[in-house]
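Student: how would this look folded up:
(one chain, ligands or ions: 1)
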Amino acid sequence: MKFFLDTANLDELRKAAAMGLVDGVTTNPSLVAKEKRDFHSLVREICEIVHGPVSAEVVATDYEGMLREGRILAKIHENVVVKIPMIAEGLRAIRTLESERIRVNCTLCFSANQCLLAAKAGASFVSPFIGRLDDAGHDGMDVIAQAMQINRNYDFQTQIIVASVRHPLHVVQAATIGAPIVTIPYKVFEALHQHPLTELGLARFLSDWEKAKPSK
Ligand code: E4P
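Tutor: Predicted structure coming up:
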């Protein structure tokens, strides 16, 4: 399973990348806006920290505008993946950009049909937002399972990114059903390795060791 980090914060990225477990990054306009930085130079720096796919989103919503922004973003670094929203114009833009060998992550997907369309349009990645679905009273993980089954049925190569992850249980659920990629906010990423019994156990081992040490 691949771990992407869902952040545009360079400190978070450096800390997580230092653990050697980060395979890629996803950003979105809200995450980028929080950093109050020039978008393109921020994306370049992210690509220098994490050596894997880095999703950067267009803000245009018309076909020509998405192509224009997507082409510029793709020139920043070879690892940039252009994020395109799941709208009708977006589906056209996905096909065109992918035909130019620009990888696309189709974002803001909330149903299996949307994932199917992204795959048919030829997107390299598709991002169903499970946390926002859960918030709205649905089961986001159902959409992941359905999209994975559709990919298997038709041999689609579009990689599913489990997105809008809210807590560690989402990661367990995604891994249990074999989801290929999960994109995780830093807070959740940090929580993955923590367990109170690990901390307690380590403290006890170290104090027993101190007591048993021969006195000089
Ligand atoms: C995915 O690519 C998005 O950036 C992200 O997962 C959205 O998550 P949110 O619902 O926490 O904003």
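
Student: Am I right that Leu73 is in contact with Val80?
Tutor: Yes. Counting by Cβ atoms under 8 Å, Val80 is a contact partner of Leu73 at 5.4 Å. Any C-beta I mention is one placed from the backbone N, CA and C, and that applies to glycine too.

Student: Now for those two: what residues contact both?
Tutor: 43, 56 (Cβ atoms under 8 Å, 6 or more residues apart in numbering).

Student: Show me which residues of this structure sit near the ligand.
Tutor: Taking Cβ under 6 Å from any ligand atom as the measure of proximity, the chain contacts the ligand at 6, 26, 28, 107, 127, 129, 131-132, 163-164, 183.

Student: Go again with 8 Å.
Tutor: Contact residues (Cβ under 8 Å from any ligand atom) of the chain with the ligand: 6, 26-28, 30-31, 55, 83, 105, 107, 127, 129, 131-132, 161, 163-166, 183, 185.

Student: In strands only, show me those residues.
Tutor: 6, 26, 55, 83, 105, 107, 127, 161, 183 (DSSP state E).

Student: Dump these to a markdown table, plus distance to Met148, neighbour count and pLDDT.
Tutor: As requested, those are arranged in a markdown table below (distance: Cβ to Cβ, whole Å; neighbours: other Cβ atoms under 10 Å; pLDDT from 0 to 100):
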| residue | distance to Met148 | neighbour count | pLDDT |
| --- | --- | --- | --- |
| Asp6 | 20 | 23 | 98 |
| Thr26 | 19 | 27 | 98 |
| Ser55 | 20 | 29 | 98 |
| Lys83 | 21 | 24 | 98 |
| Asn105 | 17 | 29 | 98 |
| Thr107 | 18 | 25 | 98 |
| Ser127 | 14 | 28 | 98 |
| Ile161 | 12 | 30 | 98 |
| Thr183 | 16 | 26 | 98 |
